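Asker: 3D, please:
(one chain, ligands or ions: 1)
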Amino acid sequence: MSFPANKQQAVAVFGSTGSVGLSTLDVIRRNSQRYAVGAITANKNVDKLEAQCVEFEPAFAAMADPLAAEELKQRLLSRNLTTQVMPGDDALGQIAEDPQMPIIMASIVGFAGLDSTLLAARAGKRILLANKESMVVAGPLLKQAATDGGAAIVPVDSEHNAIFQCLPEANQLGAPVDRAAHITQLVLTASGGPFRAFSAEQMRHVTVKQAVSHPNWDMGPKISVDSATMMNKGLEIIEACYLFGVEESQIEVLVHPQSVVHSMVRYCDGSVLAQLGESDMRTPIANALAWPERIDAGVGQLDFKSLTGLEFEAPDPLRFPCLELARSAMRQGAGANVVLNAANEVAVEKFLEGQIGFTDIAAINAHTLKNCESSEPRSVADLKALDSAARSCADDLITNGLLSVGMA
Ligand code: MG
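Answerer: Below you'll find the predicted structure:
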């Protein structure tokens, strides 16, 4: 292993070419006396991974696509770099379990990130969790794996990291919040997305281009659409329930268009603790990396004098039905969360392809949640079976034209 024998901790960055991955590398770059990049992984972007290998000289670089892995291997050989290139999906598991990688940044999007996150949990790592899908679809399994392995799951999703920062230390990783009587409510803030002020009629005519441009955060197309339908906030309700051990009824959602207050915790004495800052993912990443200490994130200080006014309002359940769908799934149980997540992934994909309208997304989600049977998943195999069943159900709905029966 090529790590210097000082106190640097090796971080494995899963999904190092995505936006959270890049922000993580930047925080490590600024704190190179404390952290080294131990491993990086990507799907098939050889150019980006090569550049990262040159800069950080990690012990391992994994690529899901075997051809891309071979190409990277040849390029690194010609540069005389010692980074070991690992092809295929198993590589992630090996890195997740490697005792020389105490910190795992889990920032692979979607189901693909689940297996390695579970292995890292069983191996007792510090997991910086940016892959919200793994908590949404496998919350109970992931929490159990972390308890069994002695892992610390520190949330990177900006709202959950804000709540994490506002909780007493005993509740951050340990005791579920519902046993701490002094905490009354977790408050998730939401930007409200680009259609916050649209009428129901205007929302029926939203285009893909409008839906993928978020006012405050620079994000990928899937999460931008989720933000526009507020399904992202719905998934975050589910994520918060599992992370902090609360019921969905203990979570309040507030639309806060300026995205300055990232979330809050209400206490029984009337106090509300909030975390504020610029909309920059490097803040939650740095917090999760260094917790309980603080490190430089490269993020500027918030200038209160330039804030023209902070607004808060309740979300409109009629224009944003996905919020209530998420609450309903959470009340039904872990299987329903898998179904809702799968339906939404299918619906968003079809919307991005121009096959369905914007308001059809919620209609497909509602219909699939109602009609696809969901039993409690006991294993990853159960989860994957349920996920495919829900995808077929959502697909059928679209191909058979059921949407035209006036659901939307
Ligand atoms: Mg978020």
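Asker: List the contacts of G277.
Answerer: By C-beta atoms under 8 Å, 6 or more residues apart in numbering, G277 lies in contact with 260, 262, 283, 299, 302. Using the backbone N, CA and C atoms, a C-beta is placed for each residue, glycine as well.
Asker: What of A314?
Answerer: 253-255.
Asker: A helix includes I108, no?
Answerer: No: read with DSSP: H, G, I helix; E, B strand; the rest coil, I108 is coil and lies in no helix.
Asker: what's the distance between it and G93?
Answerer: 12 Å (C-beta to C-beta, to the nearest Å).
Asker: and the residue of this structure nearest the ion?
Answerer: D157 (4.3 Å; C-beta to the ion).
Asker: circling back to that earlier point, among the contacts of G277, which ones are in helices?
Answerer: T283 (DSSP state H).
Asker: Now, of the contacts of G277, which are buried?
Answerer: The neighbour count (16 or more other C-beta atoms under 10 Å) marks 260, 262, 283, 299 as buried among the contacts of G277.
Asker: Do I have it right that the last one meets P284?
Answerer: No: here V299 lies out of contact with P284, judged by C-beta atoms under 8 Å, at a distance of 10.1 Å.
Asker: count of neighbours near the residue of the chain closest to the ion?
Answerer: 27 (other C-beta atoms under 10 Å).
Asker: mind listing what it touches?
Answerer: 129-130, 132, 236, 239, 284.
Asker: Quick check: chain neighbours aside, which residue is closest to the residue positioned nearest the centre of the chain?
Answerer: Closest to where the C-alpha atoms of the chain average out (C-alpha atoms, centre = their mean) is K132, at 3.0 Å. Nearest non-adjacent residue to K132, counting by C-beta to C-beta, 6 or more residues apart in numbering: E239, 5.0 Å away.
Asker: does the helix or strand encompassing L186 come close to the ion?
Answerer: In this structure, L186 sits in strand 183-190 according to DSSP states H and E. No: using C-beta under 5 Å from the ion, strand 183-190 stays clear of the ion, with a minimum separation of 8.4 Å.
Asker: when you give positions from now on, start the count at 43
Answerer: Sure thing, new numbering starts at 43, so read that last one as strand 225-232.
Asker: Which neighbouring elements make contact with that strand?
Answerer: Under the contact definition 3 or more C-beta pairs under 8 Å, 6 or more residues apart in numbering; DSSP states H and E, strand 225-232 sits against helix 200-208, helix 273-286, strand 293-297, strand 303-309.
Asker: need the next SSE after it, C-terminal direction.
Answerer: Assigned by DSSP H and E, the successor of strand 225-232 is helix 242-245.
Asker: Output that next one as CSV, nothing but the C-alphas.
Answerer: The C-alpha coordinates for helix 242-245 follow below in CSV (Å, rounded to 0.1, in the frame of the first residue of the first chain):
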residue,chain,number,x,y,z
ALA,A,242,-51.6,23.5,-11.7
GLU,A,243,-52.5,24.3,-15.3
GLN,A,244,-49.0,25.7,-16.0
MET,A,245,-47.4,22.6,-14.5
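Asker: Report the buried residues of the helix or strand of the chain with the lowest mean pLDDT.
Answerer: In the chain, the helix or strand scored least confidently by mean pLDDT, DSSP states H and E is helix 211-214, which has a mean of 83. For helix 211-214, burial by neighbour count (16+ other C-beta under 10 Å) applies to 213-214.
Asker: tell me which parts of this structure are close to the ion?
Answerer: 199-201.
Asker: Take those residues and lay them out in a markdown table including distance to M273 and pLDDT.
Answerer: Listed next are these as a markdown table, based on distance: C-beta to C-beta, whole Å; pLDDT from 0 to 100:
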| residue | distance to M273 | pLDDT |
| --- | --- | --- |
| D199 | 14 | 95 |
| S200 | 17 | 97 |
| E201 | 14 | 98 |
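Asker: and which of those residues is nearest I406?
Answerer: Closest approach between the residues of the chain next to the ion and I406, by C-beta to C-beta: D199, at 24.2 Å.
Asker: what are the phi and psi angles of that closest one?
Answerer: phi -50, psi 130 (degrees, to the nearest 10).
Asker: Quickly list what A232 is bridged to.
Answerer: Beta-bridge partners recorded for A232 (DSSP bridges): V297.
Asker: pretty sure it is in contact with Q300, am I right?
Answerer: No: under the criterion of C-beta under 8 Å, A232 makes no contact with Q300, lying 11.5 Å away.
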